[in-house]
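Student: here's my sequence, what's the structure:
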Amino acid sequence: MTDFEMVEAERFSQALDAIEALAEPDLDPREDPTLFSLAALAAELYDAEQTATRSPRFESYRERSRTYVLNRLGARAAAKQVEDNKRREERQPFFIFRWNVLTPIASAAATAVLVLAFVAATQLDSSPAQTAAVVEPPVEQPAPETVAVSEPREADTDAPVPADLPAPAPADPAPARPVATTGSALSGDAGFDPDIEGIEGPGAVGPLVPPPPFVPPPVDLGPIVSGQEAQYAARLIEMEIQRIDALIAAIAHNVQYDQPVDPAMLRDITESIALVAEQLEVQPDVVSKQQVISFLTQTAHGRTLLAAARADEENGRALGAARRAAQDGVVVASHYIREHY
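Tutor: Residues are numbered from 1 along each chain as shown. Next up is the predicted model:
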């Protein structure tokens with residue numbers, strides 16, 4: 001390559017750097033027609049690439065594709081690790097496995113034998129005379145006092161009666177009430193303990209689950225009045241954001257108590273998030289900064305909750321649609337904040 005070609009290549013590189021920095025390249029079409037045409041073609045390609053890759057739809061697709069690829073790679077790596085561990089265990093000889101198991105057992109047995117030997121030696125060294133010296137002599141008990149008692153129906157006698165004689169038992173004692181035991185009528189065992197067995201008895205009531213938060217129904221704002229489209233859209237966005245907040249609270253309640261999410265609730269949160277995201281793309285001027293931040297916070301929280309939520313087998317597609325809507329809502333709100341603030 002000649003010096004002239006090196007200089008031309010360096011100038012073309014500077015022109016490409018200026019195009020990427022959104023500046024005009026320092027080229028004259030009359031003096032450098034070749035470089036100018038190449039720079040113009042590069043600018044068109046750069047604009048087309050930016051137009052295709054800066055849209056919310058492309059970013060959503062890129063985020064989903066990246067998550068899918070990472071999940072597939074993680075699952076493949078985990079499966080390979082499990083297979084390698086299984087092969088390693090199959091190749092391991094049996095006597096090594098048996099030695100690894102018996103070694104700690106033998107150590108524990110040896111320790112127990114040493115402890116017993118030490119205790120036995122200590123007891124044999126002790127003297128019986130010393131033990132007897134520690135015993136105190138018995139304390140003499142005073143003789144019980146005697147009180148003379150006269151018989152009311154017979155002649156008086158001088159025979160003394162001890163004062164500490166027990167009182168006579170009543171003639172007709174009351175029948176003892178049956179004492180409830182901890183046994184269960186279903187077990188047939190008197191020593192059955194429902195707290196230990198995990199059964200609280202036939203009349204027991206399990207832990208009460210509080211009701212989920214109230215989700216207000218959608219409010220119909222009526223037909224759009226001509227000339228008030230912006231006010232209508234702003235009011236609609238505000239109400240939908242409040243409804244999304246209530247739906248996320250109800251989903252959090254279901255996740256906390258490990259309950260399946262209602263399919264109607266999944267459809268409502270999908271429609272609400274999609275409606276607000278569409279308004280952000282179509283009418284960005286009617287949305288306030290506070291509303292966008294609230295929507296971004298709610299969708300990010302909802303994405304986390306929906307990832308941990310579960311639904312019935314027939315409502316799996318509704319749960320997947322809600323997860324996709326929450327992901328798209330995060331992407332649209334992030335793009336809106338980056339473009340307008």
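Student: pretty sure F36 sits in a helix.
Tutor: Yes. The assignment for F36 is a helix, going by DSSP: H, G, I helix; E, B strand; the rest coil.
Student: tell me which helix or strand of this structure sits lowest on mean pLDDT?
Tutor: helix 194-197 (a mean of 44; mean pLDDT, DSSP states H and E).
Student: give the next helix or strand downstream of it.
Tutor: As assigned by DSSP states H and E, the chain's next helix or strand after helix 194-197 is helix 229-256.
Student: which strands or helices does that following helix pack on?
Tutor: Here helix 229-256 touches helix 263-282, helix 289-308, going by 3 or more CB pairs under 8 Å, 6 or more residues apart in numbering; DSSP states H and E. Quick note: C-beta positions are derived from backbone N, CA and C, even for glycine.
Student: sec struct for Q259, please.
Tutor: coil.
Student: how much space is there between it and T304?
Tutor: 17 Å (CB to CB, to the nearest Å).
Student: for the helices and strands packed on helix 229-256, could you give me TSV that also reports mean neighbour count, distance to I248 and mean pLDDT?
Tutor: Compiled in TSV, these are given as follows (neighbours: other CB atoms under 10 Å; distance: least, CB to CB, whole Å; pLDDT from 0 to 100):
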stretch	mean neighbour count	distance to I248	mean pLDDT
helix 263-282	19	7	92
helix 289-308	18	5	92
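Student: let me have the ones you listed in JSON lines, adding distance to A9 as columns.
Tutor: Shown next, in JSON lines, are the helices and strands packed on helix 229-256 (distance: least, CB to CB, whole Å):
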{"stretch": "helix 263-282", "distance to A9": "42"}
{"stretch": "helix 289-308", "distance to A9": "45"}
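Student: list phi and psi for the closest residue to M1 other than its chain neighbours.
Tutor: Once flanking residues are discounted, M1 sits nearest to A9: 7.9 Å by CB to CB, 6 or more residues apart in numbering. A9 adopts backbone torsions of phi -70, psi -40, taken as degrees, to the nearest 10.
Student: in the stretch 1-150 of the chain, where is pLDDT below threshold?
Tutor: Residue ranges of the stretch 1-150 of the chain with pLDDT under 70: 88-102, 123-150.
Student: in it, which spans are strands?
Tutor: Residue ranges of the strands in the stretch 1-150 of the chain, as given by DSSP state E, counting those that start in this stretch, are 146-147.
Student: just the helices in it please.
Tutor: 3-20, 33-53, 56-91, 94-125, 128-134 (DSSP state H, counting those that start in this stretch).
Student: what's the closest of those helices to R317?
Tutor: helix 56-91 (16.4 Å; CB to CB).
Student: list the buried ones in the closest one?
Tutor: 56, 59-60 (16 or more other CB atoms under 10 Å).
Student: how far off helix 263-282 does it point, in degrees?
Tutor: Following axes from the mean of the first three to the mean of the last three CA atoms, to 10 degrees, one obtains 130 degrees for the angle between helix 56-91 and helix 263-282.
Student: now do helix 56-91: which elements does it pack against?
Tutor: Other helices and strands packing on helix 56-91, by 3+ CB pairs under 8 Å, 6+ apart, are helix 316-340.
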